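[1] I need the structure of the sequence given here:
(one chain, ligands or ions: 1)
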Amino acid sequence: MLVSGTPYRTVWLQEESVRIIDQRRLPWSFDLLDLHTVADVAVAIRDMAVRGAGLIGATAAYGMWLAAREAATPDQLRSLADSLIITRPTAVNLSWAVNRQLTAIQAAGFENRVATARLTAETIADEDAAACAAIGGHGLEIIRAIASRKPGQVVHVLTHCNAGWLAFVDHGSATAPIYAAHAAGIPVHVWVDETRPRNQGARLTAWELAQQGVPHTVIADNTGGHLMQHGQVDLVITGADRVTRSGDVANKIGTYLKALAAQDNGVPFYVALPSSTFDWTLRDGVQGIPIEQRGAEEVTHLEGIAESGSVETLRIVSPGSPAANYAFDVTPARLVTGLITERGLCPTTETAICALHPQASGSIPSLS
Ligand SMILES: CSC[C@H]1O[C@H](OP(=O)(O)O)[C@H](O)[C@@H]1O
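    Numbers count the residues shown, from 1 in each chain. Next comes the predicted model:
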């Protein structure tokens, strides 16, 4: 995607290190950060310098190239892999990417670990970008169909959090159909949920859409239901951090409430994901998907930029009041109109999902 006219991916190899865009600094400044060690990569994922399911998977894959260089034995490699996997528990792309690296290295032989890990990381990144581009093409057809029913009028899409190109290697999942529609000349406008507590919508999605010239409006998180009641939302598209084989969707906290409001108002609710976000071992997402809890300070404090240009952090919660910070929730499959993956569109039934994704076979869960 373009940043001030220059094409960027969100993670790449730079000589002996892994280079990322430091998302903790956006939109105030666009800074690149070099990660030299596996520990650097773990900190970048935990502190959300990189975030979003696809991107933390790809960054961990590059982290495994660093791990292959640091490890002298298979046990050390396994231990470094574990140090990456434990950084964030909900997005399954992280463990998927690390385990894919371990499998590839085991197959190639430990002595070939560095070259194998490098090739596998580049492959994972390329596949992530290609999957998101394909998601854009499939999702475009949904937007095109809505546009054809209201000729000459703007199609209003609501999205939550940031499932844009910053959350992947390129293109994004939820935003890919929007970018494709915009490029195809379909008039689109995006309602951007601010997405408390970390404000990924206000800070990242709005910045992204502005960079690409897509009309958008940032709204407080509780606004979506009102807009839907008044015919101001044609469809909702969100990303996902983990989707079960029966279509339950873990995504940023607040997604479930948007899905409830969408169903009550007859608004289509789509979830866009690459197939690396499926957890084929799970059916029941509410019971089975681990929900990350992060520090209370993300709720009690807000970061912003003062008129003077200095970035400042302010406390917004009364001192002495405890705060809880659940980072994700699970939207049951019954509330999701359909999934948009790189393989196409499908309804949220286990039969339809598994028919479209042959990799589901062989991972049948014995329980739940
Ligand atoms: C599809 S990845 C985007 C996804 O990631 C976000 O979480 P976080 O910013 O905490 O990594 C959120 O769930 C988005 O939908």
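[2] please make it C-alpha for all contacts and neighbour counts, starting now.
    OK.
[3] any idea what residue 243 is bridged to?
    Taking DSSP bridges as the rule, residue 243 bridges to residue 249, residue 278.
[4] give the contact list for it.
    With contacts taken as CA atoms under 8 Å, 6 or more residues apart in numbering, residue 243 has the following neighbours: 249, 250, 277, 278, 279, 285.
[5] what about those residues, which one has the most neighbours?
    For the contacts of residue 243, the largest number of neighbours (other CA atoms under 10 Å) sits with residue 249, at 33 neighbours.
[6] element containing residue 355, please.
    Counting by DSSP states H and E, the secondary-structure element that holds residue 355 is helix 350-356.
[7] what lies in contact with that helix?
    Here helix 350-356 makes contact (CA under 8 Å, 6+ apart) with 245, 246, 247, 343, 344, 346, 347, 360, 361.
[8] chain center to it, what's the gap?
    Taking the mean of its C-alpha atoms, helix 350-356 sits 22 Å from the chain's own mean (CA atoms, centre = their mean, to the nearest Å).
[9] what does stretch 168-182 give?
    How far stretch 168-182 lies from its chain's middle: 11 Å, per CA atoms, centre = their mean.
[10] try stretch 123-139
    Put simply, stretch 123-139 sits 13 Å off its chain's centre (CA atoms, centre = their mean).
[11] write out the residues of the stretch 51-200 of the chain neighbouring the ligand.
    The stretch 51-200 of the chain has residues 51, 52, 53, 54, 161, 162, 163, 167 near the ligand, with proximity defined as CA under 6 Å from any ligand atom.
[12] around the fifth one, how many other residues sit close by?
    Residues near residue 161, counting by other CA under 10 Å, number 30.
[13] with residue 219 instead?
    The tally of other residues near residue 219 (other CA under 10 Å) stands at 16.
[14] what pLDDT does it get?
    Here, the pLDDT recorded for residue 219 equals 98.
[15] need the contact list for the residue lying closest to it once chain neighbours are set aside.
    Leaving out its chain neighbours, the residue that sits closest to residue 219 by CA to CA, 6 or more residues apart in numbering is residue 193, at 5.2 Å. Under the criterion of CA under 8 Å, 6+ apart, the neighbours of residue 193 are 158, 159, 160, 161, 201, 202, 218, 219, 220, 221, 224.
[16] one more pass at 7 Å, please.
    159, 160, 161, 201, 202, 218, 219, 220, 221 (CA atoms under 7 Å, 6 or more residues apart in numbering).
[17] same question, residue 341
    Taking CA under 7 Å, 6+ apart as the test, what residue 341 contacts is 135, 272, 273, 274, 275.
[18] got a winner among the contacts of residue 193 for most neighbours?
    When those are compared by neighbour count (other CA under 10 Å), residue 161 ends up highest, at 30 neighbours.
[19] just to check, that residue is in contact with residue 201?
    Yes - A contact is recorded between residue 161 and residue 201 when judged using CA atoms under 7 Å, the distance being 4.5 Å.
[20] distance of residue 174 from residue 255?
    Residue 174 sits 13 Å away from residue 255, taking CA to CA, to the nearest Å as the criterion.
[21] which one's more surrounded, the two?
    A count of neighbours by other CA under 10 Å puts residue 174 above the other of residue 174 and residue 255, at 31 against 23.
[22] name the residues of stretch 87-96 that are buried.
    For stretch 87-96, the buried set under the neighbour-count rule, 16 or more other CA atoms under 10 Å, comprises 87, 88, 90, 91, 92, 93, 94, 95, 96.
[23] any chance of a markdown table for those, columns pLDDT?
    Listed next are the buried residues of stretch 87-96 as a markdown table, based on pLDDT from 0 to 100:
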| residue | pLDDT |
| --- | --- |
| 87 | 98 |
| 88 | 98 |
| 90 | 98 |
| 91 | 95 |
| 92 | 97 |
| 93 | 98 |
| 94 | 98 |
| 95 | 98 |
| 96 | 97 |
